[in-house]
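>>> Provided below for reference: sequence and predicted model.
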Amino acid sequence: MKFTIKVAPITKKNSQQIIVCGGRPRIIPSKQYTQYEKDAAYFLKPLNISTPVNIQAVYYMQTRRKVDITNLHSALCDVLVHCGVLQDDSSLNPCIVRSMDGSRVKYDKDNPRTEVIILEVQNEQ
């Protein structure tokens, strides 16, 4: 399955907010990430994938600034779970996201986006 999220990729870990809830500090995602999650949902449809998959993501960034691809992966997987594309992204049994092979970061000033290919992988023992 192939699809494109036509929104500039954003990491979840940058600019997190600390709020106090019930007298205890709590970390929540930034407003930018929350907006990214809402905007990305427009390009996704719930599939509830529960079989092992490889997710290949090509992130086209709007600037040439350094970005941590693992943070981009984390944000993408969280968005895919939030929007119902994936049932879960944890590594617990059953592990749905087996790999992120073939992923990379590129530059496209005029058309930032994330191109995603999800392929089912065989169950290895």
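Structure's in. What do you need? Numbering: from 1, shown residues only.
>>> when you work out contacts or count neighbours from here on, use the C-alpha atoms and nothing else.
OK.
>>> show me the helices in this structure, by range?
Along the chain, the segments classed as helices by DSSP state H run 31-41, 69-82.
>>> could you tell me the angle between the longest one and helix 31-41?
Regarding helix 69-82 and helix 31-41, their directions subtend 50 degrees when assessed with axes from the mean of the first three to the mean of the last three Cα atoms, to 10 degrees.
>>> what's helix 69-82 packed up against?
helix 31-41 (3 or more Cα pairs under 8 Å, 6 or more residues apart in numbering; DSSP states H and E).
>>> list the buried residues of the helix it packs on.
Residues of helix 31-41 classed as buried under the neighbour-count rule (16 or more other Cα atoms under 10 Å) are Tyr33, Tyr36, Glu37, Ala40, Ala41.
>>> and if you look at stretch 90-110?
Result for stretch 90-110 [16+ other Cα under 10 Å]: buried residues Ile96, Val97, Arg98, Met100, Ser103, Val105.
>>> so which of those residues are in strands?
Among these, the residues falling in strands (DSSP state E) are Val97, Arg98, Val105.
>>> for the residues you listed, give me CSV that also has distance to Gln62.
Formatted as CSV, these follow (distance: Cα to Cα, whole Å):
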residue, distance to Gln62
Val97, 27
Arg98, 28
Val105, 11
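>>> tally of neighbours for Tyr42?
12 (other Cα atoms under 10 Å).
>>> pretty sure Ile5 is in contact with Glu37, am I right?
No. Applying Cα atoms under 8 Å as the test, Ile5 and Glu37 come out as separate, 10.5 Å apart.
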